[in-house]
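J.: A predicted structure for the sequence below; I have some questions about it.
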Amino acid sequence: MRNITVTIPDDAYRRARIWAAERDTSVSAVVKYLLETMPGIKRSNLAFPARNSNPVNTSAPSPPPPTQRFLFVLPVKLWTTT
């Protein structure tokens, strides 16, 4: 398993930490889950198109520049505690 470093604003980290704690998990577990499932998320392909890929819908607007790209993730409970 590899370690990665991600730089995010303090407030975003604080909100993520609180969100994860409310679900009895960690920010690392949430990020791991998102990275493992991201290739299957349709919006991830739209926000971060593969190089040299032919877009399915050529009338769709171009993705925003890299500094404005984001994935909107709906909150889900990753683990159920009993």
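T.: Everything's here; your move.

J.: elements contacting the helix ranked longest in the chain?
T.: Ranked by residue count and defined by DSSP state H, the top helix of the chain is helix 10-22. Counting by 3 or more CB pairs under 8 Å, 6 or more residues apart in numbering; DSSP states H and E, the packing neighbours recorded for helix 10-22 are helix 27-37. C-beta: built from backbone N, CA, C; applies to glycine.

J.: now the helix it packs on against helix 10-22, angle please.
T.: 90 degrees (axes from the mean of the first three to the mean of the last three CA atoms, to 10 degrees).

J.: next up, the contacts around S26.
T.: Applying CB atoms under 8 Å, 6 or more residues apart in numbering to S26 gives the contacts A20.

J.: distance of V30 relative to R23?
T.: V30 is 8 Å from R23, where distance means CB to CB, to the nearest Å.

J.: related to what we said a few turns ago, pLDDT on the longest helix of the chain, on average?
T.: Helix 10-22 comes out with an average pLDDT of 93.

J.: same deal with stretch 51-58?
T.: The model assigns stretch 51-58 a mean pLDDT of 61.
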